[in-house]
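In: pasting a predicted model and its sequence here:
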Amino acid sequence: MKFGIEFVPADPALKIAYYAKLSEQQGFDYVWITDHYNNRDVYSTLTVLALNTNSIKIGSGVTNSYTRNPAITASSIASIAEISGGRAVLGLGPGDKATFDAMGIAWEKPLATTKEAIQAIRGFIEGKKVSMDGEMVKFAGAKLAFNAGKVPIYMGAQGPKMLELAGEIADGVLINASHPKDFEVAVEQIRKGAEKAGRDPSEVDVTAYACFSIDKDPAKAVNAAKVVVAFIVAGSPDLVLERHGISVDGKKQIGDAIAKGD
Ligand code: F42
């Protein structure tokens with residue numbers, strides 16, 4: 001079993017690089033940096049991490065293809081691969097509805113968008129000329145002018161269809177959940193997707209992207225976790241919320257509060 005750690009670039013990149021170095025020294029295998037417009041930029045942060053660590057894998061955890069065109073994502077993560085000496089991993093998901101609302105971005109067809117974006121990004125990273133006329137992603141013969149080698153693609157997913165898609169096309173899945181029940185259901189969906197695509201399910205690296213919060217004062221630890229949980233709830237399909245007894249109305253109220261920056 002491997003271990004990774006996610007940092008939110010709500011802190012300056014150098015502070016996160018210090019934590020990343022500590023993580024590397026403690027034997028962690030991956031550092032993931034989140035991508036939301038209101039925090040520091042994910043690729044700037046990853047660059048600083050690349051220059052301040054030696055062996056730990058570093059990745060976006062996760063970016064999306066609404067705020068960044070897939071060609072830009074491919075160029076950015078390939079640059080990180082080059083700077084880090086081949087340690088880059090791309091985490092890509094459908095994105096966060098609450099922040100998209102604030103940015104005026106319509107969250108249309110997240111499944112199709114993620115699927116087509118991954119197809120395009122793979123092509124770019126493999127040095128291909130990408131032409132595609134997908135439902136959501138279109139390219140007319142675009143190609144990167146440099147090649148930085150392999151970059152595994154992990155999908156951020158928790159909905160059943162998204163998990164199945166990850167089983168079909170991704171190298172790994174970052175499952176945004178902390179409850180064992182969620183993983184039981186998720187692993188089944190990933191297996192279904194892998195089998196549908198004729199892959200061995202063990203080819204897909206399954207990652208529990210669980211939320212931990214630590215403080216000497218338990219109340220402070222719980223309070224700090226609430227922000228993360230709120231973002232996850234606001235972006236979760238109703239089916240996932242049902243499993244945890246969270247109402248659709250509650251999800252809407254939380255989403256509205258986040259959109260207001262509350
Ligand atoms: N989001 C961010 O914006 N930034 C981050 O840093 C971030 C980190 C992160 C890490 C791990 C992780 O698992 C998720 C993370 N996320 C982050 C959240 C991620 O971007 C997603 O918001 C989150 O994973 C929720 O996605 P989901 O897997 O629950 O999928 C949603 C879109 C969903 O509703 N899925 C449904 C399902 O069953 O899987 C399917 C919806 C569907 O089929 N839609 C159709 C389609 O084509 O898309 C269209 C339906 C229609 O009628 O339009």
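Out: Sure thing, it's come through. The structure displayed is predicted, hence computed values, not measured ones.
In: tell me the contacts of residue 151?
Out: 77-78, 81, 88-90, 125 (Cβ atoms under 8 Å, 6 or more residues apart in numbering). C-beta here means a position set from N, CA and C on the backbone, and glycine is covered the same way.
In: so how far is the ligand from it?
Out: According to Cβ to the nearest ligand atom, to the nearest Å, residue 151 stands 17 Å off from the ligand.
In: how near is that residue to residue 107?
Out: Distance of residue 151 to residue 107, computed by Cβ to Cβ, to the nearest Å: 25 Å.
In: ok, back up a step: between the contacts of residue 151, which sits nearest residue 26?
Out: Closest approach to residue 26 among those (Cβ to Cβ): residue 89, at 18.8 Å.
In: how many neighbouring residues does the closest one have?
Out: By the measure other Cβ atoms under 10 Å, the count of residues near residue 89 is 26.
In: please name the bridge partners of the spatially closest residue to it that is not a sequence neighbour.
Out: Among residues not flanking residue 89 along the chain, residue 59 sits closest, at 3.4 Å (Cβ to Cβ, 6 or more residues apart in numbering). With DSSP bridges as the criterion, residue 59 is bridged to residue 32, residue 89.
In: state the distance from residue 59 to residue 9.
Out: 13 Å.
In: spit out the residues that contact the two alike.
Out: residue 33.
In: so which of those two has more stuff around it?
Out: Between residue 59 and residue 9, residue 59 has the larger neighbour count (other Cβ under 10 Å), namely 30 against 22.
In: what sits against that one?
Out: 30-33, 46, 77, 88-91, 154.
In: now these in TSV, with distance to the ligand and pLDDT?
Out: Putting the contacts of residue 59 into TSV (distance: Cβ to the nearest ligand atom, whole Å; pLDDT from 0 to 100) gives the following:
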residue	distance to the ligand	pLDDT
30	12	98
31	13	98
32	7	98
33	8	98
46	12	98
77	14	98
88	16	98
89	12	98
90	12	98
91	6	98
154	9	98
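In: let me see the contact set for the nearest residue to residue 30 once chain neighbours are set aside.
Out: Among residues not flanking residue 30 along the chain, residue 4 sits closest, at 3.2 Å (Cβ to Cβ, 6+ apart). Residues in contact with residue 4 (Cβ under 8 Å, 6+ apart) are 28-32, 57, 207.
In: take those and write them to JSON lines, including secondary structure.
Out: As requested, the contacts of residue 4 are exported to JSON lines (DSSP: H, G, I helix; E, B strand; the rest coil):
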{"residue": "28", "secondary structure": "coil"}
{"residue": "29", "secondary structure": "coil"}
{"residue": "30", "secondary structure": "strand"}
{"residue": "31", "secondary structure": "strand"}
{"residue": "32", "secondary structure": "strand"}
{"residue": "57", "secondary structure": "strand"}
{"residue": "207", "secondary structure": "strand"}
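In: closest to residue 169 out of these?
Out: Nearest member of the contacts of residue 4 to residue 169, counting by Cβ to Cβ, is residue 207, at 15.9 Å.
In: burial of that closest one, as a residue count?
Out: Neighbour tally, residue 207, other Cβ under 10 Å: 20.
In: now the strands for the stretch 1-150 of the chain?
Out: Under the criterion DSSP state E, counting those that start in this stretch, the stretch 1-150 of the chain contains strands at 4-7, 30-33, 57-64, 88-93, 130-133, 138-142.
In: show me the strands paired with the last one, marking each as parallel or antiparallel.
Out: For strand 138-142, the pairing partners within the sheet under DSSP bridges are strand 130-133 (antiparallel).
In: quick check, residue 154 in a strand?
Out: Yes. Per three-state DSSP, residue 154 lies within a strand segment.
In: list the contacts for residue 63?
Out: 35, 42, 73, 90-93.
In: report the buried members of the residues you listed.
Out: Burial by neighbour count, judged by 16 or more other Cβ atoms under 10 Å, picks out 35, 42, 73, 90-93 from the contacts of residue 63.
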